[in-house]
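1. A structural model of the following input is requested.
(2 chains)
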Protein chains: 2
Amino acid sequence: MALDRLKQMASQVTGQAKPPHPFDPLSESEIERAVAIIRKEHDGLFFNAVTLWEPRKADMMKWVADPDHTQRPHRIADVVAIGRGSKVYDGIVDLEEGKILNWELTEGVQPLITMEDLQIVETVVRKDPKVIEQCGLIGIPPEDMHKVYCDPWTIGYDERFGSSVRLQQALMYYRPHVDDNQYTYPLDFCPIYNSDTQEIIHIDVPAVRRPVNQAPPNNYHAAAIEAEGGYRTDLKPIEITQPEGVSFTMDGRIISWQNWKVHVGFNYREGMVLSNITFNDKGNERPVFWRMSLAEMVVPYGNPEHPHHRKHAFDLGEYGGGYMTNSLSLGCDCKGAIHYLDAAFVNRAGAATTIKNAICIHEEDAGILFKHTDFRDDSVTVTRARKLIISHVFTAANYEYCVYWVFHQDGTIQLEIKLTGILNTYAMNPGEDTKGWGTEVYPGVNAHNHQHLFCLRLDPNVDGPNNTVFQVDAVRGAGEVGSAENKYGNAFYAQKTKFETAEQAMSDYDGNTSRTWDMANTNKINPYSHKPVSYKLVSRDVPTLLPKENSLVWKRAGFARHAVHVTKYDDAQIHPAGRHVPQTSGEPSPGLPAWIAANPSASIDNTDIVLWHTFGLTHFAAPEDFPVMPAEPMTVLLRPRNFFTKNPCLDVPPSFCSVPSGIRQGNSLVDKVSRLAFGQSKGQETGGKCC
Amino acid sequence: MALDRLKQMASQVTGQAKPPHPFDPLSESEIERAVAIIRKEHDGLFFNAVTLWEPRKADMMKWVADPDHTQRPHRIADVVAIGRGSKVYDGIVDLEEGKILNWELTEGVQPLITMEDLQIVETVVRKDPKVIEQCGLIGIPPEDMHKVYCDPWTIGYDERFGSSVRLQQALMYYRPHVDDNQYTYPLDFCPIYNSDTQEIIHIDVPAVRRPVNQAPPNNYHAAAIEAEGGYRTDLKPIEITQPEGVSFTMDGRIISWQNWKVHVGFNYREGMVLSNITFNDKGNERPVFWRMSLAEMVVPYGNPEHPHHRKHAFDLGEYGGGYMTNSLSLGCDCKGAIHYLDAAFVNRAGAATTIKNAICIHEEDAGILFKHTDFRDDSVTVTRARKLIISHVFTAANYEYCVYWVFHQDGTIQLEIKLTGILNTYAMNPGEDTKGWGTEVYPGVNAHNHQHLFCLRLDPNVDGPNNTVFQVDAVRGAGEVGSAENKYGNAFYAQKTKFETAEQAMSDYDGNTSRTWDMANTNKINPYSHKPVSYKLVSRDVPTLLPKENSLVWKRAGFARHAVHVTKYDDAQIHPAGRHVPQTSGEPSPGLPAWIAANPSASIDNTDIVLWHTFGLTHFAAPEDFPVMPAEPMTVLLRPRNFFTKNPCLDVPPSFCSVPSGIRQGNSLVDKVSRLAFGQSKGQETGGKCC
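-> Numbers count the residues shown, from 1 in each chain, chains lettered A, B, ... in the order given. Now for the predicted structure:
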């Protein structure tokens, strides 16, 4: 609208910051404005979340297409607050109009547990007489209660207590010294904490007691390393520098890099949210994905003994990947030339707080992008690759998740997740049999089998919102060996199955057929291959959900039943295990199963769709994962297929290029700093042709 | 032996180089000595291969254990030569004794095709009247025969011609200009070339003719990029330097790095061979693998139309990954501080030739090694990882394979392969239907479906040579949901199946159970977990062999029938598709199937074994793979499980380390060069704590 444009111009004239992009997270002042608007009408509230209520897709698509002549979507806050008597309110607040658009008392749900909720529990636990008594029974005297720690988890779901009272379970530990790794000293009982009354309401005590571990500490801090001989001294520094600066630019939170354009959002729950991802294909800015995020995850543990079944954390929906995010450090978490973005949240009291450096943005060299040598004359082109990495790291009690969105020059988007941190551990007696449900990773320390299952929400926008998903299997041709049609038996092809309905699209991984899924735009055909333009989901770490059908986890984490679900786009469908996850019983299963059940035969062919992909890994721990686990990576790829008419990165300057006719075609971007490891030698002469 | 030690001392005194390590590839002088020894007794030979005949394992293990008191294994050459009348000779020559230990005429086989063999064909093809005639039929006049090119492939196997005559098939192309990418102009016919007589003996001509492509060139050289607007100019350099040098040392060809010790060999066939890989576990040098190499590969194409079934290259066994290796360039193929190793081969005439910089050895930063933050007080340890990469790149006609052996500080060994280069293409008429057997990647260019299947030969030495392989599946516990033993249905565990015999060990990948395989030493139990020490094979890119059972490829590439085979160690069993691969009929299947059939019930439990792992990918091409393909990576991991008693890299100096008691524990290895992307800002203050 002209009005909007005028406002923008006015703000330029007055020197005011330009208005936030409609996808930008709420700023500190916007969060506090939302709280103030609510407080005018409601008091006695604790704030659980105040986050951007994202513009409706239809409005936003219009605005993105023509911001100068379209009404700019209002800044609107999505609020969860807890009132007297543990009442949960869901609210929507228009920050520009200064009014509450919606305010609802939501019955029978529990909003996620915030860091503040978590941090209270340990204090209460240490003072509780029943806990002190239990500690005494396993060898911790009352005067040592300051050495008792707990990781408070949501309770998951416990049918004895239901969903109406806000609960946490306290996984108990002990530290002989304040700096000791507590996970070497798990305690065998589990208090249950009422978040409203701030009381321990129950303690689960096992039939077989396990006194506190008597093994020596197993630490990884400097003092422990010094005691074992100190740090290794043979690592020479690797310096990574960009003397001319980085190759990306930032316009607010929109990154431009190597034909990519991406808006980087962030919220308390999903952490990073990438929106309106486009690729500039020779001047044509082609949409690829409308929105991508890690939307949910679940970590089921495999020990069936009570109460370990309750260990199946939904780290995003129950705690918030944003709330738990780390403040990152130059040269520690990311190396080179870094741009950081901060993250603002509401606290319980309604004030805004900020985690500095929540998101790290940087480039890395990525090895060979492409290479070919002609064996006739050794004429060669070799071109090095670059990648752009947008990352955050969050700490879920014992565990760390490092999330890397990686953009490649060839049009590939990669989601890499590294798992590190410390195993969740439980007590065991000397000589006790783990029965296969866990591994003794250190004397007296039982690390239970578990899975990490992530749900990636992909809202494709492959040359427009109307997309179709095809399952693609590599299969053998029809004819038998010796037949006219397949005489030598070598026929094989890509079998494509179009998903017509959400019900049909519930599909599993098949390693035998190297199964992939294409997100295609069937309205736009590649002029060469005559196939629809598409992005292919390539994912190989796709374990089956191991908790059984109709098990508690299966019911609560419906998204994890299949590798892929596809739904028709709905603005309200963001959270695949439900908006409020803690203490859901799974009856009925919230989120994906409910949405699909509501309309199983809704067409998902050539319409606006969302693909939900569950991937991850199954972890049977070993002693080398303890006392802190070396990072274990896993990767999901989104690759352009029939999207471009040729390799889209041919114009990346090569490191070296020669052609048969003998014209040396090097260019200005040659590496001047690579060196031989052991000084000059005859190798230099032959090895240095690109320098 | 004392004698050996004396020789070594003498050579030091006289200033002579110390003798080669018994695993070192033959030097130029050793190759020429082998040829000279043979020529004393045999003449009229062309040399196909002169390579190290590796010391017998039993001898070598003794020598490695105590080199000062053990007979040093002799330097022995393994020779393949071709004599008059295309007779094939396999010979073994003791270079120290100066004598031929074995010399055999081997009937009915064809040794691999060398680069020299390949390079002759194009000249012959251009002059052949039948080829000139065929070119004329599809629009290439006789005066343009210099614009005709061919990629000579081994014939695979063609039952019309059998195995007794040494043949190649010439995949035909055209270049309008000498610098044009010929794969845009595939020709529709296929001459068959007799390598002995240097004649075209047959031409396969399709029933439907396809005139030479009339589409404009599709190039990636500088002139083409300039014509389309030039190279992009927005990439700023990333400089990677090691001002204090590298962190590895070389003793001859033995690399020491971060507790690892590895001997790096190289031969004409497998390319890199890594031997006697050990990990120094707190002063105890523990063997891990005796030998690792890519032993074979096959690339079956999926078009059943004649004669495309013959396209199933065994790039290692039929051409040699070593022979085809690239001479690498500083800053082009590898960046940073590089150490190169050369590779010496024999040529057809019996002289030694050397490819400079065949192997690249360098370190890279590898992101976060481990991290944990205590949510109570933000005390944190974050440690960055380093990796050592030993790589080579080889060009198989149109295609490039980049092979990276990656060693990690946590005891993990990774094999990464990147596929790049140019698609093999075939001609198609305008509007022609590919029938699903290929993709039109550019007008008139049909890229056929294909698989890249690699066979990794792993000779484990996990705390000694007597090892056992277990198949490990993540499976659900027994009890039904609601049962006493599995009330909440969450039970799951690692089901381990011990392989007792080679026949039983023929096993496939199962993505549903996240199947892995443990190479374990059942004689050595981890004191904490009570499980055998092991290395786990984790591989997720494991497609099924798509050519059908009893198909030509299935018969010839027996190794590719299963993801894993395990055999009892035998010095003679190195090549899983046979010693001489070209023109094998597969009846019977050479290599692995023959070895296993010879003794299917041989025990492989707790004995010296070899694990053969076939992995790779299935490629349905798309236009973005053309005219040169962005590198596509795949990875195999070998991970220590129950091998160490704790994380073995805790003593890597952290980037930052603090503990609850408040003592800041940083150390000297902090990064001083990371910077904010857009200059100083308030972010610096909070972001810079590790600098």
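
2. For the residue in the stretch 251-400 of chain A that chain B sits nearest to, which non-adjacent residue is closest in space?
-> The stretch 251-400 of chain A approaches chain B most closely through residue A:331 (3.0 Å), counting by CB to the nearest CB. C-betas here are computed from N, CA, C, even on glycine. In space, and not counting its chain neighbours, residue A:331 is closest to residue B:671: 3.0 Å by CB to CB, 6 or more residues apart in numbering or on different chains.

3. Neighbours of that neighbour, how many?
-> As a burial measure, the neighbour count of residue B:671 was computed by other CB atoms under 10 Å in any protein chain shown and equals 21.

4. In terms of helices and strands, where is it?
-> In this assignment (DSSP states H and E), residue B:671 forms part of neither any helix nor any strand.

5. which parts of stretch A:370-384 are buried?
-> By neighbour count, and taking 16 or more other CB atoms under 10 Å in any protein chain shown as the criterion, the buried residues in stretch A:370-384 are A:370-375, A:379-384.

6. tell me which of those is nearest to residue A:38?
-> Each of the buried residues of stretch A:370-384 was scored against residue A:38 by CB to CB, and residue A:384 proved nearest at 52.9 Å.

7. What's the end-to-end length of stretch A:147-166?
-> As for stretch A:147-166, its first-to-last residue distance stands at 27 Å under the measure CA to CA, to the nearest Å.

8. what does stretch A:491-510 give?
-> Start to finish, the residues bounding stretch A:491-510 are 20 Å apart (CA to CA).

9. That one and chain B in contact?
-> Yes: counting by CB under 8 Å from any CB of the partner chain, chain B is contacted by stretch A:491-510 at A:491-494, A:508-510.

10. among those, which ones are buried?
-> Among the residues of stretch A:491-510 next to chain B, those classed as buried by 16+ other CB under 10 Å are A:491-494, A:508-510.

11. and the residues of stretch A:491-510 next to chain B, which two are the farthest apart?
-> Spatially, the most separated pair among the residues of stretch A:491-510 next to chain B is A:491 and A:508, at 25.6 Å (CB to CB).

12. For residue A:238, give me its contacts.
-> Counting by CB atoms under 8 Å, 6 or more residues apart in numbering or on different chains, residue A:238 touches B:240-242, B:336, B:363-365, B:386.

13. give me the low-pLDDT residue ranges for the stretch 1-150 of chain A?
-> A:1-16 (pLDDT under 70).

14. Let me see the domain layout of chain A.
-> Here the domain assignment for chain A is A:2-106, A:115-217, A:294-422+A:450-478+A:489-619+A:627-641, based on automatic domain parsing.

15. The ones you listed: lowest mean pLDDT?
-> For the domains of chain A, the stretch scoring lowest in mean pLDDT is domain A:2-106; its value is a mean of 90.

16. who's sitting farthest from the centroid in chain A?
-> Here chain A has its C-alpha centre computed as a mean, and the residue farthest from that point, by CA atoms, centre = their mean, is residue A:484 with 50.7 Å.

17. Backbone torsions only: list them for that residue.
-> Its backbone dihedrals place residue A:484 at phi -60, psi -40, with angles given as degrees, to the nearest 10.

18. Over to residue A:293?
-> Residue A:293 has phi and psi values of phi -160, psi 160 when expressed as degrees, to the nearest 10.

19. Test of understanding: give the bridge partners of it.
-> Counting by DSSP bridges, residue A:293 is bridged to residue A:273, residue A:457.

20. How about the contacts made by it?
-> By CB under 8 Å, 6+ apart, the contact set of residue A:293 is A:270-274, A:456-457.

21. how about 10 Å then?
-> Contacts for residue A:293 (CB atoms under 10 Å, 6 or more residues apart in numbering or on different chains) come out as A:265-267, A:269-275, A:316, A:321, A:403, A:405, A:415, A:455-459, A:574.

22. And for residue A:468?
-> Taking CB under 10 Å, 6+ apart as the definition of contact, the neighbours of residue A:468 are A:460, A:462, A:498-500, A:518-523, A:532, A:534, A:566, A:603-607, A:609.

23. How about residue A:535?
-> Under the criterion of CB under 10 Å, 6+ apart, the neighbours of residue A:535 are A:288-289, A:411-413, A:458, A:460-463, A:467, A:517-521, A:611, A:637-643.

24. How about residue A:492?
-> The contact partners of residue A:492, taken as CB under 10 Å, 6+ apart, are A:474-477, A:486, B:300-304, B:436-437, B:449-451, B:543-548, B:618, B:620.

25. Wait, the residue farthest from the centre of chain A touches residue B:304, no?
-> Yes: here residue A:484 lies in contact with residue B:304, judged by CB atoms under 10 Å, at a distance of 9.3 Å.

26. what is in contact with the two at once?
-> Shared contacts of residue A:484 and residue B:304, defined by CB under 10 Å, 6+ apart, are absent.

27. is chain B contacted by the strand ranked longest in chain A?
-> Counting by DSSP state E, the longest strand found in chain A is strand A:352-373. Yes: in this structure, strand A:352-373 sits against chain B according to CB under 10 Å from any CB of the partner chain; the contacting residues are A:354-357, A:360-373.

28. same thing with stretch A:181-192?
-> Yes: with CB under 10 Å from any CB as the measure, stretch A:181-192 is seen reaching chain B through A:181-183.

29. hmm, which of the residues of strand A:352-373 next to chain B are the buried ones?
-> Buried among the residues of strand A:352-373 next to chain B by 16+ other CB under 10 Å: A:355, A:357, A:360-373.
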